[in-house]
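Novice: sequence first, then the predicted structure, then my questions.
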Amino acid sequence: MIVLWTSLFLLLFSALAIALHKLWWTPYRIQRTMASQGIRGPPYKLFYGNTREILQFKNEASSRPLNLSHDIFPRVQPHISTWTGTYGANYLSWYGLLPRLIVTEPELIKEVLTNKDEAFPKPEMDGFVKKLLGDGLVTTEGEKWAEQRKLANYAFHGDSLKGMLPAMVDSVHMMLDRWKNLHGDEIDVYQEFTILTSEIISRTAFGSSYVEGRNIFDMLRKLTLIASRNTFRIRLPGISKLWKTNDELESEKLENGIRDAMLEIIRKREEKVKAGELDDLGNDFLGLLVKASHSDDESRRITITDLVDECKTFYIAGHDTSNTMLTWTVFLLAIHPDWQDEARKEVLNVFGNQDPDPDGIAKLKTMGMIINESL
């Protein structure tokens, strides 16, 4: 009996020592080491790190009205705005037990992004973000990344983009026709650009209409919202295997639904080829991915999971970023009518009442400056 109690005591003592080392000593040691090099930051809080403070900053910022100003950094990243003012341009913060070095100095940012010595690997994705992006171009590295990048470059090089312009113009005409029927009513431009970018991506990259792709966009948008609201929420490791939150259950359902919907689009493309309706799988992004999944070269062949992940990545990266940029550009033009006039004059001078063409678009210097300012 004494041996049993002694063993139990030693086991509990060891578990406590390991927990203290991981939860307290290691963060304390890292903070001291970084402080000795001039890098300070908000103090580590047991288990949660700084995530609760970050959520508080974000909730307070979003509760205040948005001013008509270019200075939106304190609104979208209030914790970084506050802590760079307190601790300097580069500081240490904590995502649970994970230390994060926040870098805002332009030269250091350039060094990280250049990454010639491969000293800055991409972080491993898990949880909701993994469901959202999978192993697509954004998250992979090395040879796999190179092959994925090659496919994307081939699908969207200059000549390919020129060939996509008529479909883009048609989609814009459809949007403008909807606006004409509103008879002066207010327009939710964010929602309108959501439809526009969805239509363009579906038609140019995946050979489907917005109606066919709408379900995928809706599921991706819901999954993005779930991932976003859980970004700074910390859960005990392994707890999801015993008990899943509503968000976890919903995200799994959405992940499977997105996969099924994309595979259905692929199946329809392959059936059209078999039926002779299409000569081949096509040279749009989807067609190139499907070809890669059937490649005879095993080293270049991609799995169905890779194919779906690439589609998800492009849907998200191509759609959400473009949609947000267009909305922000229109917002900035609305509060700077002088630039509206300059842009309108340039477009009319280059195109008159004709649809845009690739050569003319290259001549839009003022519009280029406006878009670059909005990025």
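Specialist: Nice, I can see it.
Novice: which stretches of the stretch 201-350 of the chain form helices?
Specialist: 210-229, 246-274, 285-293, 304-335, 337-351 (DSSP state H, counting those that start in this stretch).
Novice: now the ones you listed in JSON lines, with mean neighbour count and mean pLDDT?
Specialist: Every residue, glycine included, has its C-beta placed from N, CA and C. Shown next, in JSON lines, are the helices of the stretch 201-350 of the chain (neighbours: other CB atoms under 10 Å; pLDDT from 0 to 100):
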{"stretch": "helix 210-229", "mean neighbour count": "18", "mean pLDDT": "82"}
{"stretch": "helix 246-274", "mean neighbour count": "16", "mean pLDDT": "88"}
{"stretch": "helix 285-293", "mean neighbour count": "21", "mean pLDDT": "82"}
{"stretch": "helix 304-335", "mean neighbour count": "18", "mean pLDDT": "83"}
{"stretch": "helix 337-351", "mean neighbour count": "14", "mean pLDDT": "94"}
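Novice: okay, the ones you listed in TSV with distance to residue 134 next?
Specialist: Listed next are the helices of the stretch 201-350 of the chain as TSV, based on distance: least, CB to CB, whole Å:
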stretch	distance to residue 134
helix 210-229	11
helix 246-274	9
helix 285-293	13
helix 304-335	3
helix 337-351	39
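Novice: out of these, which gets nearest to residue 169?
Specialist: helix 337-351 (11.0 Å; CB to CB).
Novice: what does the closest one rub up against?
Specialist: 332, 333, 334, 357, 360, 363, 364, 365, 366, 367, 370 (CB atoms under 8 Å, 6 or more residues apart in numbering).
Novice: nearest spatial neighbour of residue 101, chain-adjacent residues omitted?
Specialist: Spatial nearest neighbour of residue 101, excluding adjacent residues (CB to CB, 6 or more residues apart in numbering): residue 92 at 5.8 Å.
Novice: so the one you found sits in a strand?
Specialist: Yes - assignment of residue 92 by DSSP: H, G, I helix; E, B strand; the rest coil places it within a strand.
Novice: what sits against it?
Specialist: 30, 31, 34, 39, 40, 41, 99, 100, 101, 102.
Novice: which of these sits closest to residue 316?
Specialist: Nearest to residue 316 among the contacts of residue 92, with distances taken as CB to CB, is residue 100, at 22.8 Å.
Novice: so how far is the helix or strand harbouring residue 102 off the chain centroid?
Specialist: Using DSSP states H and E, residue 102 sits in strand 98-103. The chain centroid and the centroid of strand 98-103 are separated by 20 Å under CA atoms, centre = their mean, to the nearest Å.
Novice: what residues of it count as buried?
Specialist: 99, 102 (16 or more other CB atoms under 10 Å).
Novice: ok, residues contacting it?
Specialist: 27, 30, 34, 39, 41, 49, 80, 83-84, 89-94, 109, 112.
Novice: with residue 56 as the reference, measure out to residue 48.
Specialist: Distance, residue 48 to residue 56, using CB to CB, to the nearest Å: 12 Å.
Novice: and those two? Which one has more around it.
Specialist: residue 48 (18 against 13; other CB atoms under 10 Å).
Novice: hmm, that one is touching residue 234, no?
Specialist: Yes - using CB atoms under 8 Å, residue 48 is in contact with residue 234, at 5.4 Å.
Novice: anything in contact with each of these two?
Specialist: Common neighbours of residue 48 and residue 234, counting by CB under 8 Å, 6+ apart, are residue 96.
Novice: residues near the residue lying closest to residue 282 once chain neighbours are set aside, how many?
Specialist: Closest residue to residue 282 in three dimensions, ignoring its sequence neighbours and counting by CB to CB, 6+ apart: residue 207, at 6.2 Å. For residue 207, the count of nearby residues is 20 (other CB under 10 Å).
Novice: got the contact list for residue 207?
Specialist: Contact analysis of residue 207 by CB under 8 Å, 6+ apart lists 269, 282, 284, 286, 287.
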